[in-house]
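**Q** Okay, sequence plus prediction incoming.
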Amino acid sequence: MVATDYKIISDPNRAAANPTPVADLGGVGTVTRRDGTGWNTFELQAAYTPVAGDWGGGKHALLMGLHRNQYTLSNLVNNASDWRNAETTLNQNYQGQDGHHRRLCAGRVAPAPGIDADRRIAL
């Protein structure tokens with residue numbers, strides 16, 4: 001089993017509208033916040049290895065698994081009357097989510113003596 005979770009807690013990016021050295025004194029600009037952007041994943045796998053005398057006579061192997069991957073984008077761009085410390089109104093807002101979910105069941109079977117067959121099924 002594998003599980004991960006990554007999230008940006010606080011990430012303000014302040015940008016002045018004026019070049020230095022004027023910007024060093026403050027002035028208008030923007031502040032981009034990526035707070036909440038991040039991803040998480042989850043993976044679970046189980047395997048059965050055949051042995052002589054088992055339910056399949058040692059001929060069948062099984063692999064099963066689950067996978068989940070989720071990405072969240074959250075970017076707010078605010079106007080700033082002073083780019084160093086005074087956010088005012090919303091300028092732009094980027095939001096989005098993308099997720100992938102997969103299931104897997106695979107097996108190796110011997111349906112008749114002397115014949116091998118691979119069976120893989122994506123669910």
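**A** Cool, the structure landed.
**Q** Against which helices or strands is the helix or strand harbouring H101 packed?
**A** Applying DSSP states H and E as the criterion places H101 in strand 86-112. Using 3 or more C-beta pairs under 8 Å, 6 or more residues apart in numbering; DSSP states H and E as the contact test, the elements touching strand 86-112 are strand 61-82, strand 115-122. Where C-beta positions appear, they are placed from N, C-alpha and C, glycine not excepted.
**Q** now those strands as TSV including mean pLDDT and mean neighbour count?
**A** Compiled in TSV, those are given as follows (pLDDT from 0 to 100; neighbours: other C-beta atoms under 10 Å):
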stretch	mean pLDDT	mean neighbour count
strand 61-82	91	16
strand 115-122	50	9
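**Q** Format these as a markdown table; extra columns: distance to Q95.
**A** Formatted as a markdown table, the entries for these read as follows, by distance: least, C-beta to C-beta, whole Å:
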| stretch | distance to Q95 |
| --- | --- |
| strand 61-82 | 6 |
| strand 115-122 | 31 |
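**Q** Of all the ones you listed, which one is nearest D54?
**A** Smallest distance to D54 across the helices and strands packed on strand 86-112 (C-beta to C-beta): 10.3 Å, for strand 61-82.
**Q** shaky segments in this protein?
**A** The model of the chain has pLDDT under 70 over residues 108-123.
**Q** Would you mind measuring the gap between the ends of stretch 33-42?
**A** Length of stretch 33-42, first residue to last, C-alpha to C-alpha, to the nearest Å: 27 Å.
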